[in-house]
Structure formats: C-alpha cells, structure tokens
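Novice: got a predicted structure plus its sequence, pasted below:
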Amino acid sequence: MNMTTSKVRTAPRMRAELFAASVFAAAVFCLLISLAGGASRAAERQPPSMPKVRVSGDGRHFVLGETGEAFVPWGFNYLGEFGKLTEDSWDMDWTRVERDFRDMRRLGANVVRVHLQFGTYMTGPDRFDQKQLDRLTKMLNLACELGLYLDVTGLSCYRLDRIPAWYDALDEVDRWEVQARWWKKIAETCADHPSVFCYDLVNEPIVGGLAKDGEPRWVGGELAGFYFVQKISEDPKERTGIQIAEAWAAKLTEAIRQADAKTPISVGVIPWAQIWPKAKPVFYAPEVAKHFDFVSIHVYPGKGKVDQAVAALAVYDIGKPLVVEETFPLECTMEEMDRFVEAGKGRVDGWISHYFGHTIEQHEQGAEPQGIVPDVPFVVTVADFLEYWRDKGKLIAGTSPEASEPEGGPPPKVKVAPAGPPLESQAETAVRGSVEQIHVVHAKPRSSVSVLGPRGYKMIASVDDQGGLIL
C-alpha cells in the first residue's frame, strides 16, 4: 500500500525474528502472572510486556509498540470445536481452549479472531456475569503466553437458543443502548492488555428491515444452525442506510473509547462489491469509516471468480489498513485461493482464515470437516489447506510456526529417519526440556538421541541423514 510496507514485507525473516523476541518476553511475563495464582483480580490482569499493535502514524498499516516495526496479522477465526461455540464448554473444558490456541500458534498464527457471544457476558439490561468476564481475562492471558493477539469480535448471537429473550425484545433505541453498555464492559475488561489486537463491533452487520413471518427478528445468514449476520435496525424512519450505520458506529465506538482509548476498532463486513461490482460500501462509506481505525472484510473466492474477489479488495482500499478477516476456499480450488492471496497482498495488510478445533493430523484421520472432493462442504481438504496456510504465512507475514503442546499434553512428535543402514549408535545424546524449549536438535547423522520431557516422559528418537531431529 506504500513503500514502507512493501520494503518491510520483503524481509519476512527479520519480522519473524523480531516477533519471536517479543513473544519470548511476553511469555516470561505471562508466566509470572500465572504463578501469582493467589493474587487479586487486579493483579491477575496486570498486563505483561508484549508490544501493543497499533496503526502506523501514516494510518496505512500496522506496527508493534513504539518501535514502529511492521506487523502483518495472520491467523484464524476460532469458534471452538467444529459445530460448537467456545463458550458452550470453556467452564468445564478449558484444556481444549489451551490445546487449540497452541495448535493455532504451531500453525503460524499471530492473530486469533474470537467471537464473544452477547448472552455469555450480559444477564440483564444492566447486569454482567463477572465469572465469564474473568474467563475472558484468562483467555487474554493465555494468548499472551503464546504470543498471540486477539481480534475480539462482539455482540455475537450465532445461536437462537443463546439469544436472551429480553434482549431480542428490545426496540432499536434500547438495543443500541444495551450494545453500548456491553461493549464498554468488554473494553474495561480488555483495556491495556497487549494481547488485544482490535475490537470488531459485530460480525457482518446489515442495516436491516422488518423480518418476514417465521424469520428471527434481528439475525440472519443461517448456516448449519448458526446465524452470522445481524441487523442494526428494523425501520429506517426516513434515514438512509449510511445515516443509520454512522449513528450506530458512533455510539458503540464512543462507548469503547470511554474505557479503552488505544485499541484499534473495526467492523467485519460482507463486501457486496464481490457480488455486485458497482455496489458501494455502507459501513465503510466516508461518513461511517471515520469511526474505524482499519477496514475488515470477509472474502471467499468463488470457483472461476478470483478476479471478482480481487476487484472487491480495491473498493475497500480507502486509505486505512485493510484486513481480510475471513477467507477460505469454500468453493474455489487451492490454486485459485493462492491466486487470490498473491493478487491481494499488495493491498491487504492482514489475513485471517478458519481453524475448526482439530489439528492437521486429526483432519487427516477423519475429524470434521474433512472437505474431501467431491463431498461438501469444501472442494479442498481442510488438512491440505491448513498446511498451505501455515506455509503461506511464512512468506506473507513472516510468521514463525512453533511446535508446542500444553503442559501434560501429547508427547513430542519427531521425524523418524527413513529406512536404511542401521543406526550408528544408540542414545548418544540426551535432549532435555519441554517441546516449547526445543525445536531442532543437531546430532550425528543416523544416530539416535534420548528425548527427556516433562513428567518423566522419555523416548529414543532417530536422527535423519543430515543430523537433524525435528521436535
């Protein structure tokens, strides 16, 4: 988007080293936080030393802290296990959240987009569930420990049975008041925590209109029982769509800024220009975009329609950082997906795809969704896509995938040497430590080493022909 951005992006190795150093410092401080388990809530929320992401001084891209080092968001949307919501079970199965965050980090993510369900945190028009707010703080600290930044998307009402009846019954004026109150409380919880990359006001808002008989009042866009689109109004009352969007955005961003003056704010929208080339943005019209620090759009290239997807990017390149906040080869081939990313990288400042709560290996073994051709829902396998996204992140964002597992989790996986002559020696080298501490060990070619891990774990691992052992 400018010479500074282009120059930095030609040095992914440098960015990876700088980011890795920041992650290491953050992990040390986050560990100290977790060790102070008996401290007060205020002490628990003391932010660690992790550089805050901000928009650059020229307003065109992202940088880390006061150093001005370029930062390219790259990662995943995370709802939890496929077909479920994180908040359904995080009170009882927090280990799953930890495991999934570690796997996303291992796949090279530096950003995870989390979708906060409205009803999880607000139990009445002026009542909040402090236990769940504390759980959110715990997730912020987990992200920090792993060097992950969070795109905090709010006001989600993805499942009808989780939408509070009192909230659904409110008219537009009262609904906006409650939404502002909700966002202020979330911002108070997240304020000053460096792991918070941004606030996304709501997923895929539309100006709206009255629901038809049998339709939900405020939500739409149903997909497998989830409602990802949300109206912000029912009756225009002689207002234009842009006027409605501007008033709504002004109210909610002001509520956030009362609690958090620094964290970037955006809203993730469907780029209608991908479907109708002459369509103009509503939420990123100049009158509305002034309330946002960067642009977020959701782009899923269609089969044979990569050019339309690329053209839609230009419509939303309005002089602010541009993030493709959702993308995935739902209909296109892997080759077309790569064409889209390659064609868009000159305009796009960040990319976020999808993680479905399973590792590459688990998808290969049958975890849903598989996406095996010609079966629905995808025309590529999820396992293949995750491998592609991990490797592409190294080139586009300079990410540095990490091989880590939760404490007490599965033992480290090693690359076993191919069949060939007998190993020259047995257990000539002892490798100690956790997987977080060891990534590549160099030893005598075709030898073996003893791997000593946490909780008494021990194994003999083979070294390849080049003397490398990948843990």
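Specialist: Received, thanks.
Novice: OK, contacts around the residue nearest to R162 when sequence neighbours are not counted?
Specialist: Counting by Cβ to Cβ, 6 or more residues apart in numbering, the nearest residue to R162 once its immediate chain neighbours are dropped is G119, at 5.0 Å. Where C-beta positions appear, they are placed from N, C-alpha and C, glycine not excepted. Neighbouring residues of G119 by Cβ atoms under 8 Å, 6 or more residues apart in numbering: C157, R162, I163, P164, Y167.
Novice: look up how far S296 lies from G119.
Specialist: When Cβ to Cβ, to the nearest Å is applied, the distance between G119 and S296 equals 23 Å.
Novice: walk me through the domains of the chain.
Specialist: The chain breaks down by automatic domain parsing into domains covering 3-396, 411-471.
Novice: endpoints of stretch 153-161, how far apart?
Specialist: One end of stretch 153-161 sits 20 Å from the other (Cα to Cα, to the nearest Å).
Novice: contact partners of it?
Specialist: Taking Cβ under 8 Å, 6+ apart as the rule, stretch 153-161 contacts 79, 85, 113-119, 163, 179, 182-183, 186, 199-203, 216, 218-219, 225-228, 230, 268.
Novice: for P401, helix, strand, or coil?
Specialist: In three-state terms, and counting by DSSP: H, G, I helix; E, B strand; the rest coil, P401 is coil.
Novice: ok, back up a step: most neighbours among the contacts of G119, which one?
Specialist: Top of those by neighbour number is C157, holding 23 neighbours under the definition other Cβ atoms under 10 Å.
Novice: now it: closest residue in space that isn't a chain neighbour?
Specialist: Leaving out its chain neighbours, C157 is closest to I163 (Cβ to Cβ, 6+ apart), at 4.7 Å.
Novice: so of the contacts of stretch 153-161, which ones are in strands?
Specialist: Using DSSP state E, the members of these that fall within strands are 113-117, 199-203, 219, 226-228, 230, 268.
Novice: which of the residues you listed ranks first by neighbour count?
Specialist: Comparing the ones in strands among the contacts of stretch 153-161 on neighbour count, R113 comes out first with 29 neighbours (neighbours: other Cβ under 10 Å).
Novice: which residues does the nearest residue to that residue once chain neighbours are set aside bridge with?
Specialist: The shortest distance from R113 to any non-neighbouring residue, by Cβ to Cβ, 6+ apart, is to D151 (3.9 Å). With DSSP bridges applied, D151 shows beta-bridge pairing to R113, C198.
Novice: how about D151, what does it touch?
Specialist: Neighbouring residues of D151 by Cβ under 8 Å, 6+ apart: P73, V111, V112, R113, V114, F197, C198, D200, E325, I352.
Novice: for Y355, phi and psi?
Specialist: According to degrees, to the nearest 10, the main-chain angles of Y355 amount to phi -120, psi 130.
Novice: related to what we said a few turns ago, which of the ones in strands among the contacts of stretch 153-161 lies closest to V97?
Specialist: V114 (9.7 Å; Cβ to Cβ).
Novice: tell me the centre residue of the chain?
Specialist: When the chain is reduced to its mean C-alpha position, the closest residue under Cα atoms, centre = their mean turns out to be V112, at 2.0 Å.
Novice: wait, that one touches W74, no?
Specialist: No - with contact defined as Cβ atoms under 8 Å, V112 and W74 do not form a contacting pair (10.5 Å).
Novice: please save the CA atoms from the strand or helix carrying A143 in PDB.
Specialist: For A143, the element it lies in under DSSP states H and E is helix 130-146. Backbone C-alpha positions of helix 130-146 (Å, rounded to 0.1, in the frame of the first residue of the first chain) are rendered in PDB as follows:
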ATOM      1  CA  GLN A 130     -18.300 -11.500  36.300                       C
ATOM      2  CA  LYS A 131     -17.300 -15.100  36.200                       C
ATOM      3  CA  GLN A 132     -17.400 -15.100  32.400                       C
ATOM      4  CA  LEU A 133     -15.600 -11.800  32.300                       C
ATOM      5  CA  ASP A 134     -12.800 -13.400  34.400                       C
ATOM      6  CA  ARG A 135     -12.800 -16.300  31.900                       C
ATOM      7  CA  LEU A 136     -12.300 -13.800  29.100                       C
ATOM      8  CA  THR A 137      -9.300 -12.300  31.000                       C
ATOM      9  CA  LYS A 138      -7.900 -15.800  31.400                       C
ATOM     10  CA  MET A 139      -8.100 -16.200  27.600                       C
ATOM     11  CA  LEU A 140      -6.300 -12.900  27.100                       C
ATOM     12  CA  ASN A 141      -3.500 -14.100  29.400                       C
ATOM     13  CA  LEU A 142      -3.400 -17.500  27.500                       C
ATOM     14  CA  ALA A 143      -3.000 -15.700  24.200                       C
ATOM     15  CA  CYS A 144      -0.200 -13.600  25.700                       C
ATOM     16  CA  GLU A 145       1.700 -16.600  27.000                       C
ATOM     17  CA  LEU A 146       1.700 -18.000  23.400                       C
END
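Novice: can you give me the strands in the stretch 301-450 of the chain?
Specialist: Counting by DSSP state E, counting those that start in this stretch, the stretch 301-450 of the chain forms strands over residues 322-326, 350-355, 429-432, 440-442, 448-452, given from the N-terminal end onward.
Novice: what's the average pLDDT for the shortest one?
Specialist: Average pLDDT, strand 440-442: 40.
Novice: got it, and the second one?
Specialist: This predicted structure assigns strand 350-355 an average pLDDT of 98.
Novice: residue ranges with poor pLDDT in this structure?
Specialist: Judged against pLDDT under 70, the low-scoring parts of the chain cover residues 1-49, 371-378, 402-471.
Novice: 50 instead?
Specialist: 1-48, 373, 375, 403-442, 452-459, 468-471 (pLDDT under 50).
Novice: most widely separated two among the contacts of G119?
Specialist: Comparing every pair within those by Cβ to Cβ identifies R162 and Y167 as the most remote, at 10.4 Å.
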